[in-house]
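Novice: Sequence isn't available, so here's the structure alone:
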């Protein structure tokens, strides 16, 4: 009897549980596929990969952030096809990122102190003001406030914290740049495909049933939008990438990577052009202008200044290329008599007439509030803002807009100070300058487009700024490395 028990004990090893579990899983998969549905079977089949993926993300929190960064880039394209609330998915991934951080904190030093920096304080101050908007006399249901406040103030604060804590090494900054460059190429390829092979059935539905054609198929030609929400969002984001990667290409040391980033910048410029977005031109003009000011490289600054002057003269004082729809539309950005510009200016006059008695605005989320009883507020909610700053003005009033402009100005000025006086390594300075130049371009472009609260630009914008403010840690790391070699 004892021999029999010993033989059983030898047979029952950890491997037997693995094999038994695998057989049970196969049986469950077979049963769900045949008796239920193929879709349920596919879900069951993916469970092991999901478990492995979650385990990997829990072990390496940086991967959770990278997953968030990538999903952020595609989320609006995905929702066009699958019709779900993309913001809810993004909220869940952000929550998962923080859960992985808190779990790792229990047995590993994470470095939360890095999140204590001026950028965190500034974004938390703006978040506090937006929360205080709940006390606005114009009552808005808290769920509608919560939907709108995410892109305006919550995501910026959370992204700054995540980047500050997770992107601890210089190679993490480079990794973000490489991932961003690959995403840019995918976005440009999708725009190229739309231009040369047409739109798919879902995109055609969005254009002709949901009304997208009204602003995307116009007299000057078709405005392509890739997998972004619209051409304005796409064009400005491609301009953002063009500025960042063109400057990075000048400073990165490896010559092959230098060529790669330069090609990515050219691709971004192509994407910006086919979007037909006039406001996107502000990104390179403003971005390269601040690069000229902060570069400390007079040869490079002179070259950039000449190119900027040439582009301005070409678009503003010549008619060369007017037979091309994209060029003629970009050229209209400099036309003070452009009908679209005049409509926007007229709308802003109307908005101002309603805002005189609303120093704290009509409240965040008021435009989607179905319970509005005031006739003036109802009319105000129907006037297109056509500008991120006008939108902030309408929702938070002149007081909120003043605070917001102060917040953005303080961030840009402090970022410039860090690059000019705190960073010693030339390559690092160039990469940080590229990101600051790109964000400044987006700040300028937001005057004519609602950009800074949209996917993916909101996350790209604040990730770039957070990396700039992390510059001093990367500089110390590089200095130590140089001392050891």
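Specialist: Great, that's in hand. Nothing here was measured: the structure is a model prediction, and the numbers come from that model.

Novice: Could you use CA atoms for every contact and neighbour count after this?
Specialist: Will do.

Novice: The stretch 1-150 of the chain: strands as residue ranges?
Specialist: For the stretch 1-150 of the chain, no strands are identified by DSSP state E, counting those that start in this stretch.

Novice: show me where pLDDT drops low in it?
Specialist: 1-58, 139 (pLDDT under 70).

Novice: which residues of it fall in helices?
Specialist: Here the stretch 1-150 of the chain has its helices, by DSSP state H, counting those that start in this stretch, at 2-11, 14-35, 38-59, 61-82, 86-105, 118-132, 142-149.

Novice: Run through who's touching stretch 111-123.
Specialist: Residues outside stretch 111-123 that contact it (CA atoms under 8 Å, 6 or more residues apart in numbering): 153, 156-157, 160-162, 164-165, 407, 411, 466, 469-470.

Novice: What residues of that stretch count as buried?
Specialist: Within stretch 111-123, the residues that count as buried by 16 or more other CA atoms under 10 Å are 114-115, 119-120, 122-123.

Novice: before we move on, what about stretch 177-188?
Specialist: Judged by neighbour count using 16+ other CA under 10 Å, the buried positions of stretch 177-188 are 177-178, 180-181, 183-185, 187-188.

Novice: who's in contact with that stretch?
Specialist: 70, 73, 226-227, 238, 241, 245, 261, 264, 267-268, 270-271.

Novice: of the residues you listed, closest to residue 287?
Specialist: Of all these, residue 241 has the smallest distance to residue 287: 10.8 Å, by CA to CA.

Novice: helix/strand/coil for that closest one?
Specialist: Here residue 241 is recorded as helix under DSSP: H, G, I helix; E, B strand; the rest coil.

Novice: Verify the stated contact: it with residue 265.
Specialist: Yes. Between residue 241 and residue 265 there is a contact under CA atoms under 8 Å: 6.4 Å.

Novice: more neighbours, these two?
Specialist: Neighbour count, other CA atoms under 10 Å: between residue 241 and residue 265, residue 241 has more, with 33 against 27.

Novice: which residues touch the more buried one?
Specialist: 181, 184, 264-265, 268, 438.

Novice: What of residue 166?
Specialist: Residue 166 neighbours (CA under 8 Å, 6+ apart): 61-62, 65.

Novice: can you list those residues in TSV and add neighbour count and distance to residue 140?
Specialist: Formatted as TSV, these follow (neighbours: other CA atoms under 10 Å; distance: CA to CA, whole Å):
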residue	neighbour count	distance to residue 140
61	25	37
62	21	37
65	22	33
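
Novice: ok, back up a step: which one (most neighbours) among the contacts of stretch 177-188?
Specialist: Result: residue 241 is most packed of those (other CA under 10 Å), 33 neighbours.

Novice: now it: how far from residue 206?
Specialist: According to CA to CA, to the nearest Å, residue 241 and residue 206 sit 26 Å apart.

Novice: With distance to residue 378 as added columns, please give the contacts of residue 166 in TSV.
Specialist: As requested, those are exported to TSV (distance: CA to CA, whole Å):
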residue	distance to residue 378
61	45
62	45
65	40
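
Novice: Which of the buried residues of stretch 177-188 sits closest to residue 131?
Specialist: Proximity of those to residue 131 (CA to CA) peaks at residue 180, which lies at 31.6 Å.

Novice: tell me which element that closest one falls in.
Specialist: helix 170-197 (DSSP states H and E).

Novice: That helix - what's its average pLDDT?
Specialist: The average pLDDT for helix 170-197 rounds to 95.

Novice: continuing past that helix, what's the next helix or strand?
Specialist: Next in sequence after helix 170-197, counting helices and strands by DSSP H and E, comes helix 201-208.

Novice: Tell me which other helices or strands that next one touches.
Specialist: helix 61-82, helix 213-216 (3 or more CA pairs under 8 Å, 6 or more residues apart in numbering; DSSP states H and E).

Novice: repeat that for 6 Å
Specialist: Helices and strands touching helix 201-208, as assessed by 3 or more CA pairs under 6 Å, 6 or more residues apart in numbering; DSSP states H and E, are absent.

Novice: Please work out the angle formed by the directions of the helix ranked longest in the chain and helix 118-132.
Specialist: Longest helix in the chain, counting residues (DSSP state H): helix 388-421. Counting by axes from the mean of the first three to the mean of the last three CA atoms, to 10 degrees, helix 388-421 points 160 degrees away from the direction of helix 118-132.

Novice: what angle do helix 388-421 and helix 142-149 make?
Specialist: Angle, helix 388-421 to helix 142-149, by the same axes, to 10 degrees: 50 degrees.

Novice: Now helix 388-421: buried residues?
Specialist: Residues of helix 388-421 classed as buried: 388-398, 400-401, 404, 407, 411-412, 415-416, 418-419 (neighbour count, 16+ other CA under 10 Å).

Novice: sorry, back to before: roughly how far out does the helix holding residue 180 sit from the chain middle?
Specialist: Counting by CA atoms, centre = their mean, to the nearest Å, helix 170-197 is centred 13 Å from the centre of its parent chain.

Novice: Break down the stretch 201-350 of the chain into its helices, ranges please.
Specialist: Taking DSSP H, counting those that start in this stretch as the criterion, the stretch 201-350 of the chain carries its helices at 201-208, 213-216, 231-251, 255-275, 282-294, 298-317, 325-331, 339-355.
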